[in-house]
Each structure stands twice: as C-alpha cells, then as structure tokens.
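>>> predicted model and sequence follow; I will ask about them next.
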Amino acid sequence: MDKKLARQRLAKLWFIASGFLLLLFVIYTATSRFDNHNAEGWQWYTQSIFPSLTLISAFYFTAHPDDLNLLIDEFAFRLAYGISAGYLAVIILTVLLAPLSFKYAHLSILETFHQSQLYLTIFQGLVTASIGWLFGKAKAKKASRHG
C-alpha cells in the first residue's frame, strides 16, 4: 500500500471520529451535562484524542514528495487502523453511554470519564505504538521491469 494512501485513510478515520466527538462535547457543554465542570470534561476529551490526533496530523500534513515512492506494510496498516478504530469506538461509546452510568451506577459523566482513563491510557499507548510502527516500516518501491 502506498504511504500516501495509508496516511489519508488513517487521517480520515481520526478526523471524522474526533469531529463527531467534538460535536458531542459541544452538545454536552450546551446542555450542562458537565454540571458546571466544563473544563474537566473538555480536558478528558483533549487527553483522550489529541496525542494520537497530533501524531496523525503530523504524518498527514508533513507529506514529502518521496512518499509517492514508499510502500507501507499492509499488515502494519491494518493493525494501526484496527487499533485506532477500536480505540475511537471505545471513546465514542464511553461518551454516549456516560449518561446511562448516572442512571444505573450513580456515577456522574465526569466520574465515568475518570474511570475510563484506566483502560483508555493503555489503549492509547497501543494506538501510538502501532502508528509509529506503521510509518517506520515504509520501504521504497522496487523498480518494475518492463522491457
């Protein structure tokens, strides 16, 4: 797979998911879901999304003309994409289901977010490692033999 295509697909996944989450956080803020603790809610969002989104953005926006001549290992791409998709799905589910945790477990949204950091921190490390491994495995395309 071309490095450019891998970079575009990962960036698309991350920008769409983080944009969706941004919209949810704007709605939560506007409807006072954070009980006047908006900064704490937004801090959770930025800590959960921005380290990996920054890494993806750096790979995406620092494209180099030589990238057209680089191939990405297909397994490494699928692994990084799969781990990223899983991580983003868990974050989205945490945000969407947080109001239910108040109803059933008597936890505020912020308490739910705080508890989710136990597993999200580990997951985020796997995301970062897989993305770094993906782009570290880029290799030059071999010249084709056509006559």
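Good, I have the coordinates.
>>> burial count for the closest residue to Ile109 other than its chain neighbours?
Excluding the flanking residues, the one nearest Ile109 by C-beta to C-beta, 6 or more residues apart in numbering is Ala98, at 4.4 Å. Glycine gets a C-beta too; all of them are placed from N, C-alpha and C. Ala98: 21 surrounding residues under other C-beta atoms under 10 Å.
>>> so who does Ala98 touch?
Ile109, Thr112, Phe113 (C-beta atoms under 8 Å, 6 or more residues apart in numbering).
>>> so for the helix or strand where it lies, what gets flagged as buried?
Using DSSP states H and E, Ala98 falls within helix 74-105. For helix 74-105, the neighbour count (16 or more other C-beta atoms under 10 Å) marks 76-77, 79-81, 83-84, 87-88, 91, 94-95, 98, 101 as buried.
>>> rebuild these as TSV, extending it with distance to Gly19.
Converted to TSV, those look like this (distance: C-beta to C-beta, whole Å):
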residue	distance to Gly19
Ala76	26
Phe77	22
Leu79	24
Ala80	20
Tyr81	18
Ile83	20
Ser84	15
Tyr87	16
Leu88	11
Ile91	13
Thr94	17
Val95	13
Ala98	19
Ser101	24
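>>> looking at these, which is nearest Gln47?
Ile91 (10.8 Å; C-beta to C-beta).
>>> got the contact list for the residue nearest to the closest one when sequence neighbours are not counted?
Of all residues not flanking Ile91 in the chain, Ser48 sits nearest, at 5.5 Å (C-beta to C-beta, 6+ apart). Residues near Ser48 by C-beta under 8 Å, 6+ apart: Ile91, Leu120, Gln124.
>>> distance to Leu70 added to the residues you listed, as CSV?
Below are those laid out as CSV (distance: C-beta to C-beta, whole Å):
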residue, distance to Leu70
Ile91, 30
Leu120, 31
Gln124, 26
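>>> report the distance from the helix holding Ala98 to the chain centre.
Relative to its parent chain, helix 74-105 has a centroid offset of 9 Å by C-alpha atoms, centre = their mean, to the nearest Å.
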